[in-house]
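**Student:** this one's sequence-less:
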């Protein structure tokens, strides 16, 4: 059963769990469950995904309930009228705030994009970040005697594939649990020490204009138990969203 965050006759938003695909993908042929199908069966009507979240990312995922609403919302996302906010735990102490402007090449998947052209020209990509908390742990990971992590709020101003994950890697503050763009020794550490088997990236808030009423909607998604356990271990309980 998916957690429904918002629903009316035009839209429905869920809190997507980490590890769940939005829809069927040739990259994960072994997967048998998808958010689109689960939600369709749960509410008893067809749903149209209007944006996406990576499989390991949790948080607000929006669907339209009719083709016209899907068209309007799709245009909003394409024209960057929406605002997305994410919470992440990253390696090291970041600056208090900053803006990452780093063009990203569209990396095509060998399976899903096998009929497409080679990797496309790099596209502009911008991410803002704000540090919310830090922690220093008495464990040696890699070459350091102690381990430092930061809790950050990430706001993507563009929507490139794996943008947040690649941008945080670019500034050497890799997202914990990211098996593709992260650091293996830190991923192993949080698995073994804290039982965390997910990427610590969560889409906590989405701001959109309603497709009919044209009023602003702010949809928020609470953290899952794994994320909360990390917050508790790092003494960040007052930061739980």
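**Tutor:** On my side now, so go ahead. Everything numeric here is computed off the predicted structure, so don't read it as measured data.

**Student:** list the contacts for residue 83?
**Tutor:** By Cβ atoms under 8 Å, 6 or more residues apart in numbering, residue 83 lies in contact with 155, 205, 206, 207. Backbone N, C-alpha and C define where each C-beta goes, glycine included.

**Student:** Tabulate these in JSON lines, adding columns for pLDDT, secondary structure and neighbour count.
**Tutor:** Output for those, formatted as JSON lines (pLDDT from 0 to 100; DSSP: H, G, I helix; E, B strand; the rest coil; neighbours: other Cβ atoms under 10 Å):
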{"residue": "155", "pLDDT": "97", "secondary structure": "strand", "neighbour count": "16"}
{"residue": "205", "pLDDT": "98", "secondary structure": "strand", "neighbour count": "19"}
{"residue": "206", "pLDDT": "98", "secondary structure": "strand", "neighbour count": "22"}
{"residue": "207", "pLDDT": "97", "secondary structure": "strand", "neighbour count": "15"}
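
**Student:** Could you identify the most distant pair in these?
**Tutor:** Greatest spatial distance in these: 155 and 206, 11.5 Å, computed using Cβ to Cβ.

**Student:** Neighbours of the closest residue to residue 161 other than its chain neighbours, how many?
**Tutor:** Distance criterion Cβ to Cβ, 6 or more residues apart in numbering; nearest residue to residue 161, sequence neighbours excluded, is residue 106 at 6.1 Å. As a burial measure, residue 106 scores 15 neighbours (other Cβ atoms under 10 Å).

**Student:** Residue 106 is in what secondary structure piece?
**Tutor:** Under DSSP states H and E, no helix or strand contains residue 106.

**Student:** distance of it from residue 74?
**Tutor:** Look at residue 106 and residue 74: by Cβ to Cβ, to the nearest Å, they are 19 Å apart.

**Student:** Likewise for residue 221?
**Tutor:** For residue 221 relative to residue 74 (Cβ to Cβ), the value is 21 Å.

**Student:** and if you look at residue 185?
**Tutor:** According to Cβ to Cβ, residue 185 stands 40 Å off from residue 74.

**Student:** what's the answer for residue 121, then?
**Tutor:** From residue 121 to residue 74 the distance is 24 Å (Cβ to Cβ).

**Student:** same question, residue 15
**Tutor:** From residue 15 over to residue 74 (counting by Cβ to Cβ), the distance is 21 Å.

**Student:** okay, those two: which has more neighbours?
**Tutor:** The neighbour comparison of residue 15 against residue 74 (other Cβ under 10 Å) goes to residue 15, with 21 against 16.

**Student:** The more buried one is in what secondary structure piece?
**Tutor:** strand 11-16.

**Student:** Just name whatever secondary elements that strand is in contact with.
**Tutor:** Counting by 3 or more Cβ pairs under 8 Å, 6 or more residues apart in numbering; DSSP states H and E, the packing neighbours recorded for strand 11-16 are strand 3-7, helix 35-43, strand 58-64.

**Student:** who touches that strand?
**Tutor:** Taking Cβ under 8 Å, 6+ apart as the rule, strand 11-16 contacts 2-7, 22, 35, 39, 43, 47, 53, 57-65, 69, 73, 203, 206, 210-211, 217, 219, 221-222.

**Student:** which among the residues you listed end up buried?
**Tutor:** Using 16 or more other Cβ atoms under 10 Å as the burial test, the contacts of strand 11-16 include 2, 5-6, 22, 35, 39, 43, 47, 53, 57-65, 69, 73, 203, 206, 211, 217, 219, 221 as buried.
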